[in-house]
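predicted model follows, preceded by the sequence.
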Amino acid sequence: MELKDLKIVTIFAYLLIGVILIGVIANMVEENTEVKTMPNDYIDISTARDTHNDFDNTTAISLTNDEIHTFTGMYNETSGTALTVNTDYLVDYDAGTFILENTSATRGLDTNFTNSTYTYEMDNYVEDGTSRTIITLIVIFFAIGVLAIGMQALGLFDWKQF
C-alpha cells in the first residue's frame, strides 16, 4: 500500500469516526442543556396515608425525577380532577418531592396513585445560561473539524498555508 492510499484510508477513518461521534456528542450536549418533560407521572401515594386513610401533611413523596423545573399539575387518577398547588399539595423543587395536605380534594383520592405532570433537569444539567450556550457550540466546532478533515482529504484545503 502506498503512502497516498494509506493517507486516504486514514482520513476516511477519521471522517467515519467523526460522523459517528457527532450524534453522541450532540445527544450529550442536549441532555445537559435541555429541560425534560414528564407527562402523567404515575406516583404511589400510599406511604403518605395515616391510619385513618387521611394524609399526614408531613410525608414527602418522591417523584420519579428529582430537580423539578416546573410543576404543571397533579391530578386525581380516577376522575382526572386537578389538585391545587399550595392548597392540596406542596412541592419541593430541589428535592423532587411533594407533600399532600389533608384537604377535601385529597381525601377524595380513592386510589393510592396520582398522576403528575412536570418538567425536570437531568442530573448533569448546566444551570448557567451562558455555559449552556457555550456547550451547544461544541457540536458546531466538532462539525467544522470533521468538515476540515473532509476538505483536506479532497484536496480543497491545505494545512500548510497557515
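Yep, it's here. Worth saying up front: this structure is predicted, and the values here are computed from it rather than measured. Numbers count the residues shown, from 1 in each chain.

low-confidence bits of this structure, can you list those?
Across the chain, the ranges flagged by pLDDT under 70 are 1, 3, 159, 161-162.

which residues in it form helices?
Remark: helices assigned in the chain by DSSP state H are 3-33, 104-107, 129-153.

of all these, which one comes closest to Tyr42?
In terms of C-beta to C-beta, the element of those nearest to Tyr42 is helix 104-107, at 17.0 Å. (Each C-beta comes from the backbone N, C-alpha and C, glycine too.)

give the buried residues for the closest one.
Buried residues in helix 104-107, counted by 16 or more other C-beta atoms under 10 Å: 105-106.

can you check stretch 74-85 too?
Applying a neighbour-count criterion of 16+ other C-beta under 10 Å, one finds 74-77, 83 buried in stretch 74-85.

export the helices of the chain to TSV and tack on distance to Asn65?
Below are the helices of the chain laid out as TSV (distance: least, C-beta to C-beta, whole Å):
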stretch	distance to Asn65
helix 3-33	13
helix 104-107	22
helix 129-153	19
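
and the ones you listed, which is most packed in?
For the helices of the chain, the largest average neighbour count (mean count of other C-beta atoms under 10 Å) is found in helix 104-107, namely a mean of 15.

residues making contact with that helix?
54-55, 76, 81, 83-84, 87-89, 100 (C-beta atoms under 8 Å, 6 or more residues apart in numbering).

recalculate using a threshold of 10 Å.
With C-beta atoms under 10 Å, 6 or more residues apart in numbering as the test, helix 104-107 has contacts from 45, 48-49, 52-55, 57, 74, 76, 81-84, 87-89, 100, 114.
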